[in-house]
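**Student:** Test case, fold it:
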Amino acid sequence: MTLPETPLSPAGADRTFQVDLRGLVDLLSHHLYSSPRVYLRELLQNAVDALTARHGLEPAAPADAFGIRLYADGSVVRVEDDGVGLTEADVHTFLATIGRSSKRADGIAEQRADFIGQFGIGLLSCFLVADEIHVLSRSARTPGAPAVEWRGRGDGSYTVRTLPASARPQPGTTVTLTPRADAGEWTRPLQVQALARHFGSLLRHPVSFDGGTGGPGSAVNPEPAPWARTYPTPGARSRALAAYGEDVFGFTPLDTIELDLPAVGLKGIACVLPEAVPAGRRHGHRVHVKGMLLSEQAQEILPEWAFFVRCVVDAESLRPTASRESLYEDDTLAAVRDALAERLRAWIARTAASDPELLGRFLQAHHLAVKSLAVHDDEILRMLLPWLPFETTDGHATLDEFARTHRTVLVTSSVEEFRQVAAIASAAGLGVVNGGYTYDRELVHRLPEIRPEVSVADLDPATLTAHLDPVDRETELAAAAYLALARDALAVFDCDVALRTFQPASAPALLLDSREARHERTRSQLAREQQGGLWGDILGHLRQEAPRAQLILNQLNPLVRTAVTIDEPELARTSAEALYGQAAMLSRRPLRPAESSLINRSFLDLLAHALRKDS
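**Tutor:** Numbering: from 1, shown residues only. Predicted coordinates for the structure are as follows:
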């Protein structure tokens, strides 16, 4: 509100801030609140806090003795409560002073934990939809107190007058708004009713809505929260909670987990998503504070690994931010997050021990989330690691199944490495697990902690090559000239060439090369090109010692048996390049420009040779 201009003060004297109400309303609408719809939440919140204060004055009154009534007919929006009300002094102090809250005075400061709001700017949100706010209130603190009327306008002016008690026969407050023409989206009767249900469905005080039809008002929150009701059987309770989760989130939960933290007055449910979600995609959770909806996108209530559930909770002691649309990050929230994480761990443990069928469906959908948890949680690791699915040379299998047939488990460091060796390793009887996915390699290496009889080692080219059968000496000598030409042709790729026999016979060649080796060769090459001179010679020698790729030709393959007998040097080189290119493509790794060029050139050269031969 714009304060009257003050005369110039002497240097060093205190001055008073000038506040432009219109500018402040613009700040609220564009930077503090996410939408004009929050005006109704703020009005409901003020009404609930007034009822809480009234119950503090009259603790013997029944819980439903005082309530809230909403009215909207398209021309006005009215919120009426039976709360503690305001005196004329209260009106001047709290409604006409920005930033001051009635919860901070008259001994209520010690009870602030009982109130939803802790900021005195909520009423200003009404200026998002109306140019004038009309408040009629009568205090319950003073018997026979008169009614007080306050009218605040968007230009920063306001009027206050005292009315006879008959103007409001019972204590409480009525706030009336005359919506602007551009605010119809938020003030139509059906929208007001929908907003009231959206924000106030779990409020503990009775809230009713009258749409101006002349009939009786309808209950906004006719029933308590589903976890606060009693049910004839545990099965009926589970079904009711699942139905509530489906109604709130729009999916049928795989299971529902009850959440109860008495220390902070938190109750609610976590709904297990029935389908997998991308790793790291955190769903928002529905958080109520003392029954009032605070946020539908509160990610901070659970740790990052718990992206397989969506929660709806109601808490007493969580602290909202100034906008009351998210939670304030403090020690209480951190403790709540840890406690809820423990509840989810306990559910996983209980399911693993008592419901294998549900556990299987859960792991099928959310194994990545469980893997991320198992990396850091030894208890979950011990319980679930044997049951987690991995990609292996035996297909997708659990480590428990895989370890039954492979006492030595080899694990690759990348997906491309696994794809290079999977078929050959399987034919050779090696048990290899794809360790290229997030968490997999680290988890597989921890398998001996659960299965001491199993050993785990990283797969390297030497290990696989050792399991490939060598060819006989005569065959090796007969192919020596071809192998020398092939090594010379592929020297540019730092690739050695060897002849072995392995299954399947349909595979002509196997390219063994790791990402780390390629990176090291590229780094050495660049360093040598940049240095030159003595350092270039030294780095060139070191480059020769860097890990080299290996092209393993399969003597069992008819094409390879024909290729090694070629006596034309250029054709032999071209065939070796073609075999290298085909093996590189089968590895499914990204091809370097030189490799793409080699594949195209070798294909065209072989085609030209075939055409010349035919002619």
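**Student:** I'd like the next helix or strand past the top helix by length along the chain.
**Tutor:** The residue-count maximum for a helix in the chain (DSSP state H) belongs to helix 331-354. Using DSSP states H and E, the helix or strand that follows helix 331-354 in sequence is helix 356-376.
**Student:** Now do that following helix: which elements does it pack against?
**Tutor:** helix 331-354, helix 378-384, strand 389-392, helix 440-444 (3 or more Cβ pairs under 8 Å, 6 or more residues apart in numbering; DSSP states H and E). Just so you know, the C-beta spots here come from the backbone N, C-alpha and C atoms, and that holds for glycine as well.
**Student:** In that helix, which residues are buried?
**Tutor:** Neighbour-count burial for helix 356-376 flags 359, 361-363, 365-375 (criterion: 16 or more other Cβ atoms under 10 Å).
**Student:** if I pick the residue nearest to D73 when sequence neighbours are not counted, what's in contact with it?
**Tutor:** Excluding the flanking residues, the one nearest D73 by Cβ to Cβ, 6 or more residues apart in numbering is G212, at 3.0 Å. Applying Cβ atoms under 8 Å, 6 or more residues apart in numbering to G212 gives the contacts 71-74, 189.
**Student:** If any of those residues are buried, give me the PyMOL selection for them.
**Tutor:** Buried members of these, defined by 16+ other Cβ under 10 Å, are picked up in PyMOL with:
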select buried, resi 71+72+189
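**Student:** Now the weakest link among the helices and strands packed on helix 356-376, please, by mean pLDDT.
**Tutor:** Of all the helices and strands packed on helix 356-376, helix 378-384 carries the lowest average pLDDT, namely a mean of 84.
**Student:** What helices and strands are in contact with it?
**Tutor:** Against helix 378-384 (3+ Cβ pairs under 8 Å, 6+ apart) you get helix 331-354, helix 356-376, helix 447-450.
**Student:** so can I have a markdown table of the helices and strands packed on helix 356-376 showing distance to A50 and mean neighbour count?
**Tutor:** Output for those, formatted as a markdown table (distance: least, Cβ to Cβ, whole Å; neighbours: other Cβ atoms under 10 Å):
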| stretch | distance to A50 | mean neighbour count |
| --- | --- | --- |
| helix 331-354 | 25 | 16 |
| helix 378-384 | 47 | 18 |
| strand 389-392 | 56 | 21 |
| helix 440-444 | 55 | 20 |
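**Student:** out of these, which comes closest to R601?
**Tutor:** When these are compared by Cβ to Cβ, strand 389-392 sits nearest R601, at 34.8 Å.
**Student:** which helices and strands sit right next to that closest one?
**Tutor:** helix 356-376, strand 395-398, helix 399-405, strand 431-433, helix 440-444.
**Student:** For that strand, give me every contacting residue.
**Tutor:** Contacts for strand 389-392 (Cβ under 8 Å, 6+ apart): 363-364, 367, 396-399, 402, 418, 431-434, 437, 440, 444.
**Student:** Check stretch 157-172 too.
**Tutor:** So stretch 157-172 is contacted by 1, 50, 54, 66, 80-85, 88, 91-92, 95-96, 136-140, 144-152, 174 (Cβ under 8 Å, 6+ apart).
**Student:** about what we covered before: and the buried residues of helix 356-376, which two are furthest apart?
**Tutor:** Pairwise across the buried residues of helix 356-376, and taking Cβ to Cβ, the largest span is found between R361 and V375, at 22.4 Å.
**Student:** list the helices and strands the strand or helix carrying L483 packs on?
**Tutor:** Assignment of secondary structure by DSSP H and E places L483 within helix 480-489. The contact analysis (3+ Cβ pairs under 8 Å, 6+ apart) places helix 480-489 against strand 495-501, helix 569-586.
**Student:** Let's have those in CSV, adding mean pLDDT and mean neighbour count.
**Tutor:** Formatted as CSV, the helices and strands packed on helix 480-489 follow (pLDDT from 0 to 100; neighbours: other Cβ atoms under 10 Å):
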stretch, mean pLDDT, mean neighbour count
strand 495-501, 91, 20
helix 569-586, 89, 20
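**Student:** Put together TSV for those, with distance to V38 on each row.
**Tutor:** Listed next are those as TSV, based on distance: least, Cβ to Cβ, whole Å:
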stretch	distance to V38
strand 495-501	65
helix 569-586	58
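**Student:** between the helices and strands packed on strand 389-392, which gets nearest to L327?
**Tutor:** Nearest of the helices and strands packed on strand 389-392 (Cβ to Cβ): helix 356-376, 22.4 Å.
**Student:** what's in contact with stretch 359-378?
**Tutor:** Under Cβ under 8 Å, 6+ apart, the answer for stretch 359-378 is 254-255, 272-276, 279, 305-308, 345, 348, 351-352, 380-381, 384-385, 387-389, 438-440, 442-443.
**Student:** Could you export the helices and strands packed on helix 378-384 as CSV, including distance to A594?
**Tutor:** Output for those, formatted as CSV (distance: least, Cβ to Cβ, whole Å):
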stretch, distance to A594
helix 331-354, 50
helix 356-376, 36
helix 447-450, 40
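**Student:** where do the helices sit along the stretch 501-615 of the chain?
**Tutor:** 515-531, 533-545, 558-563, 569-586, 593-614 (DSSP state H, counting those that start in this stretch).
**Student:** Can you flag the weakest of those helices by average pLDDT?
**Tutor:** With a mean of 52, helix 533-545 has the lowest mean pLDDT of the helices of the stretch 501-615 of the chain.
**Student:** A484: neighbouring residues, count only.
**Tutor:** Residues near A484, counting by other Cβ atoms under 10 Å, number 12.
**Student:** What score does it have for pLDDT?
**Tutor:** pLDDT, read off for A484, is 94.
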